[in-house]
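Visitor: Below: sequence and its predicted model.
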Amino acid sequence: MTNHAVQEPPTATAIEFRDELLAKGWPDDHGVALLTGKNSGPESTTCAAQARARGALLGVWSVRLQGFTYPDFQFDHLGAIRQEVAELLAILPSDNDDGGWRRAFWLYSPHTLLEGQTPAEVFPDAPARVITIAKVEFRGDPAAPW
C-alpha cells in the first residue's frame, strides 16, 4: 500500500544538516562503480542504481548534482558494498523517503543506545548492533537482546 501523505518542506536545520552530510563527498553513481570495480562496460553506469533499487544500497538525492550520492559507511575497506546494509535498510522506514534523507539523518545523528555515536560510525565495526537498535526503534522488537 502506497502512502500518499504530503511531505513537509525541510526546515533550515534539516537543510543545514543535509548540506553538511553532502559536504562529506560521498561517491555518486560513477564513484560507486569505481569503488566496486564495475567501472567498465554497461554496468558501470547502473550498478549503484540497481543496488539502490534492490534495497542493498542507500542513496541520497543531491539537487546540486542532480543525482544520488551514497553514504560511505555502506562500503568496506576494499570498496565492496557491505552485505549487512540490505538488512539494515529493510528495517529503516522508507515511506515518503524517495530521496533517502530521513534514513540518512537517522544514520548520521548521535544515538543514546550507541553512547552518542552515530549508527553510521558504529556500523562498519558492529553492523549487528546497529541492526538490533534499528529493530528496537522502528519495530519495537521484543526479541532484541539487551
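Guide: Noted; the coordinates are in hand. Given the structure is predicted, the values throughout are model-derived calculations rather than measurements.
Visitor: what sits against Ser62?
Guide: With contact set as C-beta atoms under 8 Å, 6 or more residues apart in numbering, Ser62 has these partners: 22, 28, 68-69. Glycine gets a C-beta too; all of them are placed from N, C-alpha and C.
Visitor: Next up, phi/psi of it, please.
Guide: phi -110, psi 120 (degrees, to the nearest 10).
Visitor: Then Ala90?
Guide: Dihedral angles of Ala90 (phi, psi; degrees, to the nearest 10) stand at phi -70, psi -20.
Visitor: Surely it and Gly55 touch.
Guide: Yes. With contact defined as C-beta atoms under 8 Å, Ala90 counts as touching Gly55 (6.1 Å).
Visitor: In CSV, list the C-alpha atoms belonging to stretch 106-124.
Guide: The C-alpha trace of stretch 106-124 is given here as CSV (Å, rounded to 0.1, in the frame of the first residue of the first chain):
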residue,chain,number,x,y,z
TRP,A,106,18.9,8.8,11.5
LEU,A,107,22.1,7.1,10.4
TYR,A,108,24.2,10.2,11.0
SER,A,109,22.6,11.5,14.2
PRO,A,110,24.1,10.6,17.6
HIS,A,111,22.1,7.8,19.3
THR,A,112,21.8,7.3,23.0
LEU,A,113,22.0,3.5,22.7
LEU,A,114,25.3,3.9,20.9
GLU,A,115,26.8,6.1,23.7
GLY,A,116,26.3,9.2,21.5
GLN,A,117,28.0,7.8,18.4
THR,A,118,26.0,7.7,15.1
PRO,A,119,24.8,4.5,13.6
ALA,A,120,26.9,5.2,10.6
GLU,A,121,30.1,5.4,12.8
VAL,A,122,29.3,2.1,14.5
PHE,A,123,28.0,0.1,11.6
PRO,A,124,31.4,-0.7,9.9
